[in-house]
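Asks: Any chance you could fold what I've pasted below:
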Amino acid sequence: MYTETTRGITVTVQPIFLEDQSSPAEGHFVWAYRVHIENNSRETVQLMRRHWKIADALGRVQEVEGAGVVGEQPILEPGGSFEYTSGTPLSTASGIMMGTYRMETDDGEAFDVGIPAFSLDSPHEAHRPN
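Replies: Numbers count the residues shown, from 1 in each chain. Alright, predicted model coming up:
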């Protein structure tokens, strides 16, 4: 698992290679990733936006931005948490993801929370560069 904390907001990510949804012979590899966001700060925050950078083993980078996560913009009170699972395909047997969540406080202050860089590794990679 990979963890990063920004302003008391802790993001933990666990990537999972999905063999049953992947087709290595066709250059199609799929991962799920489980994200746990915990608010250890003293203020209520709302997750407004996400920004991901996804790089494959050849260094090709795809950026993904959008409102909230999995169709939600969760509100996290102090001590609260939110968990979701999503996924990503790659055309290579390994890669790496990282990003940020844009949070907003009750008084309208916006700030970015780091999502830790995490490795997308599969058993089809001869060596694990990440």
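Asks: Flag the shaky bits of the chain, pLDDT-wise.
Replies: Flagging of the chain using pLDDT under 70 yields the residue ranges 126-130.
Asks: quick one: the strands in it?
Replies: 2-6, 9-17, 29-39, 45-56, 61-67, 75-76, 81-90, 94-105, 110-121 (DSSP state E).
Asks: out of those, which comes closest to S23?
Replies: Closest to S23 of the strands of the chain, according to C-beta to C-beta: strand 29-39, at 8.2 Å. In short, each C-beta sits where N, CA and C put it, glycine included.
Asks: gap between that closest one and the chain center?
Replies: Between the centre of strand 29-39 and the centre of its chain there are 5 Å (C-alpha atoms, centre = their mean, to the nearest Å).
Asks: So that it lines up with my notes, have the first residue be 675 from now on.
Replies: Understood, numbering begins at 675; the last thing we discussed is strand 703-713.
Asks: helices or strands up against that strand?
Replies: Applying 3 or more C-beta pairs under 8 Å, 6 or more residues apart in numbering; DSSP states H and E, one finds that strand 703-713 contacts strand 683-691, strand 749-750, strand 755-764, strand 768-779, strand 784-795.
Asks: how about 6 Å then?
Replies: The elements that strand 703-713 packs onto, with contact taken as 3 or more C-beta pairs under 6 Å, 6 or more residues apart in numbering; DSSP states H and E, are strand 683-691, strand 755-764.
Asks: Let me have these in a markdown table, adding distance to P790 as columns.
Replies: Listed next are the helices and strands packed on strand 703-713 as a markdown table, based on distance: least, C-beta to C-beta, whole Å:
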| stretch | distance to P790 |
| --- | --- |
| strand 683-691 | 6 |
| strand 755-764 | 15 |
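Asks: Touching, D786 and G773? I think so.
Replies: No: using C-beta atoms under 6 Å, D786 is not in contact with G773; the gap is 9.4 Å.
Asks: Of these two, which one has the most company?
Replies: Using other C-beta atoms under 10 Å as the criterion, D786 and G773 rank with G773 on top: 21 against 14.
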